[in-house]
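In: Take a look and give me a structure for this.
(one chain, ligands or ions: 1)
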Amino acid sequence: MIIELIKADITTIKADAIVNAANSSLLGGGGVDGAIHRKGGKEILKACVAIRNKQGTCKTGNAVITTAGNLPAKYVIHTVGPVWNGESEKNKALLADCYRNSLNLAIKNGVKVIAFPNISTGIYHFPKDKAADIAITTVNNFAQKEKIEKVIFVCFDDENYELYLQKLNR
Ligand code: AR6
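Out: As a prediction, this is how the structure comes out:
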C-alpha cells in the first residue's frame with residue numbers, strides 16, 4: 001500500500017473513493033462536507049437520504065458509501081468523526097474507527113485508491129497533531145492493507161500539511 005500526501009481540495013481528486021467528514025444526519029453541512037455536496041450535486045444527497053430511510057442516522061465512527069455524483073471520484077465514503085470535547089481514549093478510538101471502517105467499506109466495494117481528508121480537525125476541533133498521529137497509525141496498522149493500492153492523505157490547510165509531512169517523513 002502506497003501512502004501519498006497532497007495539499008488539495010478533495011473534491012478535485014480522481015480516486016476510486018474520497019472520504020467525507022460528515023455528521024450523523026448525513027444531510028450535509030459545512031467544511032469538506034459542504035464542498036462535497038455542493039460540487040457533487042443532488043445525487044449524493046439523494047443516496048444519503050435513501051441510506052437514512054433504510055438504516056437511520058450514521059453513528060460516530062461508522063461509515064456509509066454513496067455515489068460521488070458529479071465529482072471525479074467514483075464513490076464518496078461518508079464517515080462521522082468525533083467532536084473534540086477534551087482528551088479521552090473514547091475520542092481517539094472513535095477517530096481510529098472512522099479510518100478503519102472507511103477502509104473496510106472501501107475493500108467491500110472494490111476500491112483500490114482512497115483519499116482521506118483530515119477528519120474531525122475542522123468544525124469538530126480535534127487537535128490536528130493528535131488526529132494526524134491517529135490517522136497515520138490506523139492506516140499503517142490496517143489489517144487488510146494489501147487490498148488497498150493507495151491511500152492519499154489530502155490536507156487542505158497548511159498546518160495539517162506540515163504535520164503530515166513531518167510525521168510521514170519519519
Ligand atoms: N478538501 C479537503 N479538505 C477540506 C476541504 C476540502 N474541500 N474543506 C475543508 N477541509 P471539517 P470536521 C479540511 O470542518 O471537523 C461539517 O459541517 C479542513 O481544513 O470539514 O470533521 C459536517 O457536516 C479540516 O482539516 O470536518 C460536520 O457537521 C478537515 O477538512 C462537521 O463539519 C475537516 O474539517 C464535521 O467536522
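In: who touches residue 35 in this structure?
Out: Contact analysis of residue 35 by C-beta atoms under 8 Å, 6 or more residues apart in numbering lists 9, 10, 11. C-betas here are computed from N, CA, C, even on glycine.
In: Among those, which ones lie close to the ligand?
Out: 9, 10, 11 (C-beta under 6 Å from any ligand atom).
In: who wins for most neighbours among those residues?
Out: Of all the ones next to the ligand among the contacts of residue 35, the most densely surrounded is residue 10 (26 neighbours; neighbours counted as other C-beta atoms under 10 Å).
In: how close does the nearest residue to residue 147 once chain neighbours are set aside get to residue 65?
Out: Leaving aside its chain neighbours, residue 147 sits nearest to residue 107 (4.8 Å; criterion: C-beta to C-beta, 6 or more residues apart in numbering). Using C-beta to C-beta, to the nearest Å, residue 107 is found at 11 Å from residue 65.
In: ok so, going back, in CSV, list the contacts of residue 35 along with pLDDT and secondary structure.
Out: Below are the contacts of residue 35 laid out as CSV (pLDDT from 0 to 100; DSSP: H, G, I helix; E, B strand; the rest coil):
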residue, pLDDT, secondary structure
9, 98, coil
10, 98, helix
11, 98, helix
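In: Next, residue 20: secondary structure please.
Out: strand (DSSP: H, G, I helix; E, B strand; the rest coil).
In: List the residues that contact it.
Out: 32, 33, 36, 76, 77, 78, 79, 117.
In: Quick check: the last one touching residue 161?
Out: No: under the contact definition of C-beta atoms under 8 Å, residue 117 does not touch residue 161, with a separation of 11.9 Å.
In: Looking at these two, which one has more neighbours?
Out: Using other C-beta under 10 Å as the criterion, residue 117 and residue 161 rank with residue 117 on top: 29 against 18.
In: mind checking pLDDT for that one?
Out: Here, the pLDDT recorded for residue 117 equals 99.
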